[in-house]
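**Student:** pasting the sequence and the predicted model now:
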Amino acid sequence: MIKKVRGMVDKVGFPQVILSCFFILIFMVGIGYGLSPLGMLGDCVARWGMFSVLALAMVPAIQCGVGPNFGISMGVVCGLLGSVIAIDLRIAEIEALVSISPMLAKLVAILFAMGLGALFAIPIGWVFAQLLNRVKGSEMMVTTYIGFAILAFMSIIWTVLPVQNGELVFAASGTGIRTTVSLGNSIGGALSGILSFSINDLVVPTGMLLFCALMCFIVYLFLSSKSGVALSAAGANPQFAQASGIKVDKMRTTGIILSTIIGAVGIIVYSQESGLMQFYSAPQMMGFNSAAAVLLGGATIRRAKIRNVVFGTLLFQGIMAIGVAVANQLMPSTSLSEIIRMILCNGIILYALAQSQGGGKKRG
Amino acid sequence: MDKNAFGKKCLSFLQRNAVVLIFAVVALFAMIASIQPATYFAGEITTRIARNAFLVLSLIIPVLAGMGLNFGIVVGAMAAQIAVFFGVHWNWTGLSGFFLTALLATPIAMLFGYLVGRLFNRIKGMEMIGGLVLGYCADGLYQLLFLVIFGTVIKIDDSRVMMTDGATGAINTIDLTPNIGSSLDTTPLLSVIEVAFYAFLVFQLAAILYRLMKKRPISWARHGVQVAIAVVVYALTYIPYVEDLLRQERLLLLVLTEFLCLFVLLAQAVRCILALLRKQPVPWKSALGYVIADAIVYGLTYIPAVYDVLVSTRVPMFTYLVIAALFVFNNVFSKTRLGHNIRAVGQSREIAFVSGINVDRTRIIAMIFSTIFAAWGQLINLQNLGTLSTYYAHTSIGTFAIAALLVGGASVHKANSKQAILGVILFHSLYVAAPAAGRELFGNAVVGEYFRTFVSYGIIAVALAMHAGNRLRELRASQNENLRAGPAGGGKPRAALSAVSRGFSVPGRCREGKKLKTSGEGPGL
């Protein structure tokens, strides 16, 4: 019996088991405090959808051999820039579209933002990939600091960007973009609102979940295609791949560009659900959060699968969602949930780093 | 021909110091653009050296140990802040309070350093990313301690450090002015010399007693001369002029410059006389060079603009003395046996292991040193600032210290104390100038602030990328070499091994049975 349990733990992974138990525990505690179980589930689902595309951006980067892309901010700023343009052009308020349906106008706006973001992400991802091809073996550190640097650089851009829309402009000085922009009149809920329904407290953002599933499916299709398999091979064993005629550097470039594009789309999905778009240094920890989610889902820093994204994001964000609610009951006026996030997110990454050196059994 | 060689020399100098030069130009540009008087910069930079130099110097030992830039110094800073918190709570004041706090911080930092070292041994080759992530993880634990555990598990009833009216946790900003604020900065050298004098006497007495007890021969002459020198030095402080100077807690930069000039002059004279006495060739040329440079520096102090700066800037003497002590320690330490071991581990773990060094233990020791120094550095920083921002004081010190070290021309596998000091000066020049420059150039001080953040992150990114690129190129070159030399060749490791056996004679236990990883040499990221 004990052997069986141990075998199962080995198969699923030690932190996964512990954190699943923790998830169930705080769910019980939440119910004990009189929180609505359906409401908590709704929070989980909402955060699951919010973060899963961002976490998905890790998969091509890990598969192509770069490792967790902590520099996802490269994609994030592209997505933010695309959204800023979409909001500034007031696409969601175009009369012709609004007269058909306000939802349609929002959908057009968000798709425009995503398209624009993806368009920016291609050259930026390419440049990023060229750099990363020159620093093989040290990608994690370089991506982290490039990510931090690009956010600081874009902070300068945000302060001087000549935007017209009053919802974007920083009210106090009249120039530059606000720290937090409300998306209520532009792309807020553009995906989540589609076909959404609610059971008591449980609100299901169907459109967003469908979109996430679509994104996952596209990445899955890509990874199963011929070039996707080549990309994975280039990541798994570069020397061997090179010998069998796969252009490793080209594959890594593809993986990074893909990761950057998904990051750009991901931040828009994230923002439309939360209804707020955060600029300046707010997305700084996005890379760590996304990486932690995928690693928690059973990925390693060398291999990742779509199911790691789905499971990991659900578990990680589930704990965060319920953690926030329970922490507010347990100790109001403290940032207990933020503390839990910091320990959990970075602890998971440290654990994955230690595992990657053969500190434990290999998984996945 | 000669001209060409000179040109090549210049080019290689530019290449080697590209980071320093580019940064110096940017900093100078920002300073000019900010339209602030030179006196302002001199004062600010003097303060900031006092604040940060110790922290930056704490990064040197891990670099020697091949562990790269120690992002784990954040953990050392946390140890210091825990100690400061209790120091304020227990009402430790003044210089003695500062040393008590340092005493409390040291064992905490040792424990943290040990744990960090243990972790880094499990993630060899990824110490930097590990240290960075660890810093964030430890930040969470630190907040857990200060926000949740203090006040609930550990009951502390003290309105100076804890939140009142129902809220839990430590307050956001703890005022250190009544406690250890400026304690180090305002200590005059006179008291330091007095304490050092009596401590020296006690030490001598203890040494004599110890030898008496052990019935060993005592060289009275040596002790006598040492005590006599100490007495003479101490007696010198009773000369009114000297006493007056030493009594000042913050010495004028002008006086300091004059003394430095005098010191250099005397040092050169002593050097020449010694050479004459030993009948060695006298280094006239270099001595003359020093004297001329000295004269030029002294002459510069008569230029009104320079004079203004020098008479308006005051240097906290004791703090600078402490920084100088770590500077000297770093240099001396690398020549001790432990220092040799650490450097051997830094050059190649495999070869160090083969030559009998306990690699894991050496790495842990390096981390403990670095963490303790980081804790002391943060204490110096905090006493200068005068306030403890409980939840934010430690967050950025890792990035800033590392950026400063890199700006000074250090890299991931090579750093020395001189680069640390140069880096602190350059980095903080830009740091002070950037907001004002942003205001002048863009009409917005925030732009300057973002710019300096961008530069500090960017410089780390560039330095890391450059290092990684070089490592990759070396790896490829050595691979090609090995291919050419054939499988039996393997010339490089053997040559390096013989270098180690020549350079470091390290008798010691060889830990057997523990297999070492053979994945690449040198520090990784």
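**Tutor:** Thanks, I have the structure now.

**Student:** which residues touch the closest residue to chain A within the stretch 1-150 of chain B?
**Tutor:** Closest residue of the stretch 1-150 of chain B to chain A, CB to the nearest CB: residue B:140 (3.1 Å). Using the backbone N, CA and C atoms, a C-beta is placed for each residue, glycine as well. In this structure, residue B:140 makes contact with A:339-344, A:346, judged by CB atoms under 8 Å, 6 or more residues apart in numbering or on different chains.

**Student:** got the residues you listed as a markdown table, with distance to residue A:325, secondary structure and pLDDT columns?
**Tutor:** Putting the contacts of residue B:140 into a markdown table (distance: CB to CB, whole Å; DSSP: H, G, I helix; E, B strand; the rest coil; pLDDT from 0 to 100) gives the following:
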| residue | distance to residue A:325 | secondary structure | pLDDT |
| --- | --- | --- | --- |
| A:339 | 15 | helix | 87 |
| A:340 | 12 | helix | 84 |
| A:341 | 14 | helix | 85 |
| A:342 | 18 | helix | 87 |
| A:343 | 18 | helix | 88 |
| A:344 | 16 | helix | 86 |
| A:346 | 22 | helix | 90 |
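
**Student:** buried subset of these?
**Tutor:** A:339-344, A:346 (16 or more other CB atoms under 10 Å in any protein chain shown).

**Student:** show me what from the stretch 101-250 of chain B comes close to chain A.
**Tutor:** B:119, B:122-126, B:128-130, B:132-134, B:136-137, B:139-141, B:143-144, B:147-148, B:166-169 (CB under 8 Å from any CB of the partner chain).

**Student:** ok, now with 6 Å
**Tutor:** B:122-123, B:126, B:128-130, B:133, B:136-137, B:139-140, B:143-144, B:147, B:167 (CB under 6 Å from any CB of the partner chain).

**Student:** what's the biggest helix in chain A, counting residues?
**Tutor:** The residue-count maximum for a helix in chain A (DSSP state H) belongs to helix A:102-134.

**Student:** sort out which residues of that helix are buried, please.
**Tutor:** Here helix A:102-134 shows A:103-114, A:116-118, A:120-121, A:124-125, A:128-129, A:131-134 as buried, counting by 16+ other CB under 10 Å.

**Student:** near chain B too, which of those?
**Tutor:** Near chain B, taking CB under 6 Å from any CB as the test, the members of the buried residues of helix A:102-134 found are residue A:134.

**Student:** from chain B, how far off is residue A:306?
**Tutor:** In this view, residue A:306 and chain B are 25 Å apart by CB to the nearest CB, to the nearest Å.

**Student:** burial count for residue B:337?
**Tutor:** Close neighbours of residue B:337, defined as other CB atoms under 10 Å in any protein chain shown, add up to 12.

**Student:** ditto for residue A:318
**Tutor:** Other residues lying near residue A:318 total 23 when counted by other CB under 10 Å.

**Student:** tell me who's in contact with it.
**Tutor:** Contact partners of residue A:318, counting by CB atoms under 6 Å, 6 or more residues apart in numbering or on different chains, are A:23, A:44.

**Student:** could you check the pLDDT of it?
**Tutor:** Residue A:318 carries a pLDDT value of 89.

**Student:** same deal with residue A:314?
**Tutor:** 90.

**Student:** over to residue B:431?
**Tutor:** 86.

**Student:** same check, this time on residue A:288
**Tutor:** 90.

**Student:** cool, residue A:364 as well?
**Tutor:** pLDDT at residue A:364 comes out at 29.

**Student:** and stretch B:305-318, how far from the chain's centre?
**Tutor:** Chain-centre distance of stretch B:305-318: 23 Å, with CA atoms, centre = their mean, to the nearest Å.

**Student:** now stretch B:44-51
**Tutor:** Counting by CA atoms, centre = their mean, stretch B:44-51 is centred 14 Å from the centre of its parent chain.

**Student:** which one of the buried ones among the contacts of residue B:140 sits closest to residue B:34?
**Tutor:** The nearest member of those to residue B:34, counting by CB to CB, is residue A:342 at 36.1 Å.

**Student:** OK, contacts around that closest one?
**Tutor:** The contact partners of residue A:342, taken as CB under 6 Å, 6+ apart, are B:139-140.

**Student:** now with 10 Å?
**Tutor:** A:285, A:288, A:335, B:136-144 (CB atoms under 10 Å, 6 or more residues apart in numbering or on different chains).

**Student:** pLDDT weak spots in chain A?
**Tutor:** A:333-334, A:357-364 (pLDDT under 70).

**Student:** now it against chain B: closest residue?
**Tutor:** Closest point on chain A to chain B, by CB to the nearest CB, is residue A:342, at 3.1 Å.

**Student:** find the closest residue to chain A in the stretch 201-350 of chain B.
**Tutor:** residue B:349 (13.1 Å).

**Student:** correct me if wrong: that residue contacts residue B:357.
**Tutor:** Yes. Between residue B:349 and residue B:357 there is a contact at 9.0 Å, judged by CB atoms under 10 Å.

**Student:** if we can go back for a sec, for the longest helix of chain A, packing partners?
**Tutor:** helix A:73-88, helix A:95-100, helix A:139-160, helix A:206-224, helix A:248-274, helix B:445-485 (3 or more CB pairs under 10 Å, 6 or more residues apart in numbering or on different chains; DSSP states H and E).

**Student:** and residue B:298, which of those is closest to it?
**Tutor:** helix B:445-485 (34.4 Å).

**Student:** tilt between the closest one and helix A:102-134?
**Tutor:** 40 degrees (axes from the mean of the first three to the mean of the last three CA atoms, to 10 degrees).

**Student:** off-centre distance for helix B:445-485?
**Tutor:** 22 Å.

**Student:** which strands or helices does it pack on?
**Tutor:** Using 3+ CB pairs under 10 Å, 6+ apart: helix B:445-485 touches helix A:102-134, helix A:139-160, helix B:18-33, helix B:127-143, helix B:397-407, helix B:417-442, helix B:491-503.

**Student:** most centrally placed residue in the chain?
**Tutor:** I'll assume chain A. Nearest to the mean C-alpha position of chain A, by CA atoms, centre = their mean, lies residue A:54 at 1.7 Å.

**Student:** look at chain B instead
**Tutor:** Short answer for chain B (CA atoms, centre = their mean): residue B:57, at 0.9 Å.

**Student:** next one: the spatially closest residue to the residue of the stretch 1-150 of chain B closest to chain A that is not a sequence neighbour relative to residue B:388, how far apart?
**Tutor:** Residue nearest to residue B:140 in three dimensions, not counting chain neighbours: residue A:342, with 3.1 Å by CB to CB, 6 or more residues apart in numbering or on different chains. Remark: distance between residue A:342 and residue B:388 (CB to CB, to the nearest Å) = 20 Å.

**Student:** do residue A:255 as well
**Tutor:** Computed as CB to CB, the residue A:255 to residue B:388 distance reads 45 Å.

**Student:** before we move on, what about residue B:65?
**Tutor:** According to CB to CB, residue B:65 stands 30 Å off from residue B:388.

**Student:** one more: residue B:423?
**Tutor:** In this structure, residue B:423 and residue B:388 are 25 Å apart, going by CB to CB.

**Student:** over to residue B:276?
**Tutor:** Distance from residue B:276 to residue B:388, by CB to CB: 55 Å.

**Student:** tell me the domain ranges of chain B?
**Tutor:** B:2-184+B:316-481, B:189-247 (automatic domain parsing).

**Student:** highest average neighbour count across these?
**Tutor:** Each of those was scored by mean neighbour count; the highest is domain B:2-184+B:316-481, a mean of 20, by mean count of other CB atoms under 10 Å in any protein chain shown.

**Student:** distance from the chain centre to it, please.
**Tutor:** The answer for domain B:2-184+B:316-481 is 8 Å, by CA atoms, centre = their mean.

**Student:** understood, closing this out.
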